[in-house]
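> here's a sequence, model it:
(one chain, ligands or ions: 1)
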Amino acid sequence: MYTEKIKEFIESHKDEMTELLGRLVAVRSVQGEAEEGYPFGRKPAEALEIMLEQCFSSGFNVENVENYVGTAEYGENPALGILCHLDVVPEGDGWEADPYTMRIDAESGKLIGRGTIDDKGPAVAALYALKAVKELGIPLKKGVRLLFGTNEENGSADLAYYRKKRDLPPMVFTPDGEYPVINAEKGMIRVYFSAEMKDDEEIAQINAGSVVNAVPGRCRVVYRSEDEEGITVDYNGIPAHASTPAKGDNAITRFLSEYSGENELFIHLGELFPHGELNGRSCGLGFSDDISGEMTCVLSMLNTEEGAVRGAIDIRFPLDRKIGEIREIICGSLEGAGFTVDSAEGTDPHCTDESSEFVQSLLRVYERLTGEKGRSIAIGGGTYVHEIEGGVAFGAEFPGVDYNMHGPEEFITVGELMLNARMIAEAITELCT
Ligand SMILES: [Zn+2]
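Predicted coordinates:
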């Protein structure tokens, strides 16, 4: 067992790890304009460059695949891939200080800045985990490859490109999800639909929802009136991620449930999406399975524009269903209600056997280092390994903590940064010796 030695190594590199994370956070690696050699703009590539330099000077074999994905390898014939990403979502509002100057809160141990938990902190942890294995001379039978992507937040085109050029190791985990282990992810389909809207006697305008993967928190409807301006009514709900609609309250379906006009489009849409129904039963869906539970079906956008009304739906479906079947049902329901489906794209579910030696090894590591019971979990969202057969998410979020991921004041604590590194180092030891 190398538990103590790894712990000592990581603790003695605490300041180095924090310093490297600060340098990565300082690069605003949000997706930018594509340029020759920079598929996602200059900034994600700049963050990758910093990381690969560190990997190189740590003695690992480094490769940059055209600024899509960079890798660092240790040992022959890599059997394990550890997949992180160095791009971030935009900062948004609400920060107490510059999101790209990492702050250290001495009292709580929080490292605050964009990308600290998602996913630059875990990337630093992965590097120091591999450094620990190398410097401690832990003999590996199989090699390890760290992978640093640059487009996770905008559709993972980085990984798709990389996989065309290189094979992945047979085992892959990403520290870009939650502990203990995420092994099951529902299928997903996003449907965009529309209908011609002739001059409505009552409604001049509807605006609700700006992204397809969120429960809308407000639906603004402008009713016609005698004067030019009309009467604006805001139907309020509670925003939430579309994979967890029970945490929110849908403002669009609230509007539809109160609609008493004559427009057949809104009457029928209200029938397909009764307020409070979350599993799409009225659309002909409503499936569930034992592992991932109830499916979700969220009417997430509804907007009028130039003689048309356009809407969007986010659906997360069970592990035992295929996208084709779900598509056929939802398209049939929408067409029956008088709408045209403009697109309906998504992905099949993802499930890795929880009894596999791979998953069981990761759970053992989690139990050893936290003293908590390890178990595999199913989620409605998709992680970075959604398209990778046999892949799982292992960390980096610990259960019950809200890290403000994608929000203001995103953080990881110094303690968690180090615990992540130890977790990954022990996973390498467990899987590759
Ligand atoms: Zn992420």
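> give me the pLDDT for the residue of the stretch 151-300 of the chain found nearest the ion.
Using Cβ to the ion, the single residue of the stretch 151-300 of the chain nearest to the ion is D176, 4.2 Å away. Where C-beta positions appear, they are placed from N, C-alpha and C, glycine not excepted. Note on D176: pLDDT of 97.
> quick one: end-to-end length of stretch 240-257, please.
End-to-end distance of stretch 240-257 (Cα to Cα, to the nearest Å): 19 Å.
> identify the residues contacting that stretch?
Outside stretch 240-257, the residues within contact range by Cβ atoms under 8 Å, 6 or more residues apart in numbering are 186, 206, 208-209, 212-219, 221, 235-239, 266, 269-270, 273-278, 296, 298-302, 314, 316, 379-381.
> isn't there a helix covering A126?
Yes - when DSSP: H, G, I helix; E, B strand; the rest coil is applied, A126 is found to be in a helix.
> quick one: neighbours of it, just the number.
Neighbours of A126 under the rule other Cβ atoms under 10 Å: 32.
> surely it touches H85?
No - look at A126 against H85 with Cβ atoms under 8 Å: they stay out of range, at 11.0 Å.
> for the spatially closest residue to L146 that is not a sequence neighbour, give the beta-bridge partners.
Leaving out its chain neighbours, the residue that sits closest to L146 by Cβ to Cβ, 6 or more residues apart in numbering is A72, at 4.5 Å. According to DSSP bridges, the residues that bridge with A72 are V62, L146.
> what do you get for E345?
R190.
> what is the neighbour count of it?
Close neighbours of E345, defined as other Cβ under 10 Å, add up to 11.
> on that earlier part again, my read: the residue of the stretch 151-300 of the chain closest to the ion touches H85, true?
Yes - taking Cβ under 8 Å as the definition, D176 is a contact partner of H85 at 6.4 Å.
> quick check: neighbours shared by these two?
D119, E152, Y384.
> top helix in the protein by residue count?
In the chain, assigned by DSSP state H, the helix with the most residues is helix 414-432.
> counting by contacts, list what that helix packs against.
helix 3-12, helix 14-25, strand 78-85, helix 120-135, strand 143-149, helix 357-370 (3 or more Cβ pairs under 8 Å, 6 or more residues apart in numbering; DSSP states H and E).
> go with 6 Å
helix 3-12, helix 120-135, helix 357-370 (3 or more Cβ pairs under 6 Å, 6 or more residues apart in numbering; DSSP states H and E).
> alpha carbons of the longest one, as CSV, please.
Below are the C-alpha coordinates for helix 120-135, written out as CSV (Å, rounded to 0.1, in the frame of the first residue of the first chain):
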residue,chain,number,x,y,z
LYS,A,120,-8.8,22.9,-14.0
GLY,A,121,-8.4,21.9,-10.3
PRO,A,122,-9.0,18.2,-11.1
ALA,A,123,-6.6,18.5,-14.1
VAL,A,124,-3.9,19.7,-11.7
ALA,A,125,-4.8,16.9,-9.3
ALA,A,126,-4.4,14.4,-12.1
LEU,A,127,-0.9,15.7,-13.1
TYR,A,128,0.3,15.6,-9.5
ALA,A,129,-1.2,12.1,-9.0
LEU,A,130,0.9,10.9,-11.9
LYS,A,131,3.9,12.7,-10.6
ALA,A,132,3.5,11.0,-7.3
VAL,A,133,3.4,7.6,-8.9
LYS,A,134,6.5,8.4,-10.9
GLU,A,135,8.6,10.1,-8.2
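> could you give the angle of that helix to helix 3-12?
If you take axes from the mean of the first three to the mean of the last three Cα atoms, to 10 degrees, helix 120-135 sits at 120 degrees to helix 3-12.
> give me the distance between T71 and F60.
Using Cβ to Cβ, to the nearest Å, T71 is found at 9 Å from F60.
> next: V27.
The spacing between V27 and F60, counted by Cβ to Cβ, is 21 Å.
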